[in-house]
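Enquirer: coords please:
(one chain, ligands or ions: 1)
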Amino acid sequence: MQLLKERILRDGKVKEGNVLKVDSFLNHRMDISLMQEIGKEFRRRFPQPEINKILTIEASGIGIAAIAAQYFNNADVVFAKKTKSKNLDGELYTVQVFSFTRGVPFEVEVSKKYLDQDDCVLIIDDFLANGQALKGLMEIVRQSGARLAGCGIVIEKGFQEGGKLLREQGVNLQSLAIVDSIDNGAITFRE
Ligand code: 5GP
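Expert: Numbering: from 1, shown residues only. Model prediction:
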């Protein structure tokens, strides 16, 4: 997606540890016009009419998913909550996810009330690095018995293994910009 790539080149900041900061337009200050274009592009790539839920993870995925939902017939957005509590009552789908940015594992949960076997789910997230967040969200979909339509990512870091592993598993993964390298702060995209 050309508009997104241009914006990453203009406003993205490369930080230590291969972290790309896009918080001036995507996950702190949010450029709604750009996010609407992102939502339209997700719709173009996931045209399945049966998609009725968009699943994401707090916090950065929420704004992206909420705007994208408008292009999916106002599909419900469900976001996995990060929690420290244990799932004791069986009313939740729970998985453990290892955080790329913080380097620690954490639990995420989704209420069984909001996802079940009648749903067709598109997973959306801001970044894909090693694939832990997506794997956790896919596991929640599996537990719920819902159908997975695919996974939509705004920025994939193609030099980390997540995208390759998930594509090898046959996941319908669509990334709107794939960064192939960050060399001395210079960003190169996959064609
Ligand atoms: P993964 O689970 O694929 O290793 O990492 C994806 C998650 O880590 C995303 O939910 C995202 O919030 C965060 N993340 C990974 N890499 C980056 C990055 O370069 N920049 C930012 N802002 N977040 C990242």
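Enquirer: Residue 133 belongs to a helix, doesn't it?
Expert: Yes. Per DSSP: H, G, I helix; E, B strand; the rest coil, residue 133 lies within a helix segment.
Enquirer: Distance of it relative to the ligand?
Expert: To the ligand, residue 133 is 4 Å away according to CB to the nearest ligand atom, to the nearest Å. Every residue, glycine included, has its C-beta placed from N, CA and C.
Enquirer: repeat for residue 183
Expert: Separation of residue 183 from the ligand (CB to the nearest ligand atom): 15 Å.
Enquirer: On the pLDDT front, check that residue for me.
Expert: According to the prediction, residue 183 has pLDDT 87.
Enquirer: just residue 18 next, same as before
Expert: 85.
Enquirer: again with residue 89
Expert: pLDDT, read off for residue 89, is 67.
Enquirer: In what element of secondary structure is the residue nearest to the spatial centre of the chain found?
Expert: Per CA atoms, centre = their mean, the C-alpha nearest to the average position across the chain is that of residue 125, at 1.3 Å. Following DSSP states H and E, the helix or strand that holds residue 125 is strand 120-128.
Enquirer: Would that strand count as contacting the ligand?
Expert: Yes. Strand 120-128 lies within reach of the ligand by CB under 6 Å from any ligand atom, at 125, 126, 127, 128.
Enquirer: I'd like these written out as TSV, with pLDDT added.
Expert: Shown next, in TSV, are the residues of strand 120-128 next to the ligand (pLDDT from 0 to 100):
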residue	pLDDT
125	98
126	98
127	97
128	97
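Enquirer: Give me every residue in the chain lying close to the ligand.
Expert: By the rule CB under 6 Å from any ligand atom, the part of the chain lying against the ligand is 19-21, 57, 60, 100-101, 125-133, 157, 162.
Enquirer: and with 5 Å instead?
Expert: With CB under 5 Å from any ligand atom as the criterion, the chain meets the ligand at residues 19-20, 100-101, 125, 127-133, 162.
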